[in-house]
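K.L.:
have a look at this prediction, sequence included:
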Amino acid sequence: MEFLDPSHEGEAQDFVAAPRLQSLQGANVAFISNGKEGTRNFFTALQQQLKEHHGVASVVALTKGNYSAPAEAEIMQQAANADVIITGVGD
């Protein structure tokens, strides 16, 4: 019998977290959704809150083509222009 350990796919690359913004005022935000139904209402409400209460300048909503796969290169390229990226999954 062979047992496989799914807890590690190889060596993880080192990374440095992006610096935190001092404020969301005037920020450009990107949402990356997995495309499931549960994210739609959440992101709509979050967008409203960010604009009304935190002065966010713009929000772009992006949806992955396959909910179980990593975001496509095109989506990541569009999101790279944002000051803040928020991802979400939902059922």
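P.N.:
Looks like it arrived, so ask away. Numbers count the residues shown, from 1 in each chain.

K.L.:
which intervals of the chain have sub-threshold pLDDT?
P.N.:
Along the chain, segments meeting pLDDT under 70 span 8-12.

K.L.:
residue 61: what secondary structure?
P.N.:
Look at residue 61: counting by DSSP: H, G, I helix; E, B strand; the rest coil, its state is strand.

K.L.:
ok, and the closest non-adjacent residue to it?
P.N.:
residue 31 (4.8 Å; CB to CB, 6 or more residues apart in numbering). Yep, even glycine has a C-beta here, placed from its N, CA and C like the rest.

K.L.:
so what does that neighbour have for phi and psi?
P.N.:
The phi/psi pair for residue 31 (degrees, to the nearest 10) reads phi -100, psi 130.

K.L.:
isn't it up against residue 62?
P.N.:
Yes. Residue 31 is in contact with residue 62 according to CB atoms under 8 Å; the separation is 6.5 Å.

K.L.:
could you pull out the helices for this structure?
P.N.:
37-54, 73-79 (DSSP state H).

K.L.:
dump these to CSV, plus mean neighbour count and distance to residue 26.
P.N.:
Output for the helices of the chain, formatted as CSV (neighbours: other CB atoms under 10 Å; distance: least, CB to CB, whole Å):
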stretch, mean neighbour count, distance to residue 26
helix 37-54, 14, 10
helix 73-79, 13, 18
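
K.L.:
more neighbours: which of residue 31 and residue 62?
P.N.:
residue 31 (23 against 19; other CB atoms under 10 Å).

K.L.:
how far away is the residue nearest to the spatial centre of the chain from residue 70?
P.N.:
Against the mean C-alpha coordinate of the chain, by CA atoms, centre = their mean, the closest residue is residue 87 at 2.4 Å. To residue 70, residue 87 is 11 Å away according to CB to CB, to the nearest Å.
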